[in-house]
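K.L.:
Sequence first, predicted coordinates after that:
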Amino acid sequence: MPRPKQFRKIVSPPLMTGYKPFGIRASEFEKVILSFDEYEAIRLLDYEGLMQEQAAESMSVSRPTLTRIYEKGRRTIAKALVEGKMILIDGGNVDFGKQWFRCRKCHKLIDGVENHIPCKNCVSFGNEELKPLTPSS
């Protein structure tokens, strides 16, 4: 029986929930899932330019584990680009460190209910429009 996966630490969820090829309806695409930890590994290594040791420490995993997560994420993105599939960012065994919410109206990311200030694109009044962001494993 394998060891249960430990939670991978994620600084903040991605701004978008996914990406799709241009010009075709989302319902017509096959989908690939990029997990939150794969997204975070790619963000830390490729976008932030951290060394693997630093990124692994930030995610609270070992360097070899980070490398496996990163390679799986790169393969997922490559498959989507080459085969024209839609990427959904969801799932994984992650810890956001605090409760995040996404507004159902404007899709803005909010770090805590107390920080929700309705914007001009969001005509919601109160917190009934907020959806808790939790990874579906």
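P.N.:
That came through, no problem. Numbering: from 1, shown residues only.
K.L.:
from here on, contacts and neighbour counts on C-alpha atoms
P.N.:
OK.
K.L.:
what about the helices in this structure?
P.N.:
Applying DSSP state H to the chain gives helices spanning 36-42, 52-59, 63-83.
K.L.:
Redo these as TSV? Include mean pLDDT and mean neighbour count.
P.N.:
Shown next, in TSV, are these (pLDDT from 0 to 100; neighbours: other Cα atoms under 10 Å):
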stretch	mean pLDDT	mean neighbour count
helix 36-42	92	25
helix 52-59	93	18
helix 63-83	95	16
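K.L.:
With distance to K108 as extra columns, can I get the ones you listed in a markdown table?
P.N.:
Output for these, formatted as a markdown table (distance: least, Cα to Cα, whole Å):
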| stretch | distance to K108 |
| --- | --- |
| helix 36-42 | 18 |
| helix 52-59 | 24 |
| helix 63-83 | 24 |
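K.L.:
out of these, which comes closest to P2?
P.N.:
Nearest to P2 among those is helix 63-83; the distance by Cα to Cα comes to 14.8 Å.
K.L.:
Point to the residue nearest the middle of this structure.
P.N.:
With distances taken as Cα atoms, centre = their mean, the residue of the chain nearest its centroid is F36 (3.8 Å).
K.L.:
quick one, what contacts that one?
P.N.:
Residues in contact with F36 (Cα atoms under 8 Å, 6 or more residues apart in numbering) are I10, P13, P14, I89, D90, G91, G92, V94, P135.
K.L.:
go again using 10 Å as the cut-off
P.N.:
F36 is in contact with 8-10, 12-14, 17, 42, 73, 88-96, 135-137, counting by Cα atoms under 10 Å, 6 or more residues apart in numbering.
K.L.:
Which members of those are classed as buried?
P.N.:
By neighbour count, with 16 or more other Cα atoms under 10 Å, the contacts of F36 hold 8-10, 12-13, 42, 73, 88-96, 135 as buried.
K.L.:
Can you list which of those residues are found in strands?
P.N.:
R8, K9, L88, I89, V94, D95 (DSSP state E).
K.L.:
Good, we can wrap up now.
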